[in-house]
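> Next comes the sequence, and after it the predicted model I'd like to discuss.
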Amino acid sequence: TLPVLPNDDYHHQTAVTDDEIRSFMTIFRRLFMEKEPANFVKAAALFEKTLGKHPLGKWVKGVADEYEAHLQDLPEFRPFMQGTTITFSAKRLIDVFLYTQYAHQPDEKRQRQFTECLQQVGGKRSFLTWLFLKEVWTCGLEIGNAGRVIAGWFKRYCDHHGITPDVLNSLRAEHTGLGTAEKEE
């Protein structure tokens, strides 16, 4: 359980820093946002189409369908906040955090939606943040599980046909000094 603070909000600790969460959200956003050209749902549909009737294609599409259903559901928080009724979906929760905390400059509409979510959890901002992080973690697991299948299939295909894909390497592959300097802390 989460320890309760004097203001009845919850205190939670993470193993990752705010910078690490922000970095994750930059990549997550590309896979999450419907209008992105290579988002997760579009990639899963293309993978299924490309593989035809192969069971792995159907499995990846099934994961994408479950992911989409998960986004429409209410965030899971039963052990906490007994007696609280929320109406926002997991997608709405992620959207308002993306648009107000991470990827975009807040606008009036998203600020209002964030405030509505916050009001539904009794103004408990730490709890709402925990709920957001839990939903992003769950979505990340769904995307990662299907993504490993897609990447594995792609690697085997390229290896079998002797193809070297034209994919940009991470900067760390070409610049080995990134992240090697000691930090003050």
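Alright, I've got the coordinates.
> where's the spatially most central residue of the chain relative to Gln101, distance?
Geometric centre of the chain, nearest residue: Val136, 3.8 Å, by C-alpha atoms, centre = their mean. Separation of Val136 from Gln101 (C-beta to C-beta, to the nearest Å) stands at 11 Å. Backbone N, C-alpha and C define where each C-beta goes, glycine included.
> Tell me where the protein is predicted with low confidence.
Residue ranges of the chain with pLDDT under 70: 1-9, 78-84, 104, 172, 182-185.
> can you pull out the helices in it?
18-32, 40-51, 55-72, 90-97, 108-120, 125-161, 171-174 (DSSP state H).
> Same list, those, but as a markdown table with distance to His11 please.
Listed next are these as a markdown table, based on distance: least, C-beta to C-beta, whole Å:
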| stretch | distance to His11 |
| --- | --- |
| helix 18-32 | 16 |
| helix 40-51 | 32 |
| helix 55-72 | 27 |
| helix 90-97 | 19 |
| helix 108-120 | 17 |
| helix 125-161 | 6 |
| helix 171-174 | 35 |
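> deepest of the ones you listed, which one?
helix 90-97 (a mean of 21; mean count of other C-beta atoms under 10 Å).
> can you list the residues that contact that one?
Identification of contacts with helix 90-97 by C-beta atoms under 8 Å, 6 or more residues apart in numbering yields 32, 70-75, 110, 113-114, 117, 128-129, 131-132, 135-136, 138-139.
> and with 7 Å instead?
32, 70-73, 75, 110, 113-114, 117, 131-132, 135-136 (C-beta atoms under 7 Å, 6 or more residues apart in numbering).
> From Leu71, how far off is Pro55?
Distance from Pro55 to Leu71, by C-beta to C-beta: 25 Å.
> That should have said Lys58, apologies.
Counting by C-beta to C-beta, the gap from Lys58 to Leu71 is 21 Å.
> How about Ala90?
5 Å.
> likewise His12?
23 Å.
> which one of the contacts of helix 90-97 sits closest to Leu168?
Phe32 (20.9 Å; C-beta to C-beta).
> Identify the residues contacting that closest one.
Phe32 sits in contact with 39, 94, 139, where contact means C-beta under 7 Å, 6+ apart.
> Let me have the residues you listed in JSON lines, extended by distance to Asn145.
Shown next, in JSON lines, are the contacts of Phe32 (distance: C-beta to C-beta, whole Å):
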{"residue": "Asn39", "distance to Asn145": "16"}
{"residue": "Ile94", "distance to Asn145": "18"}
{"residue": "Cys139", "distance to Asn145": "11"}
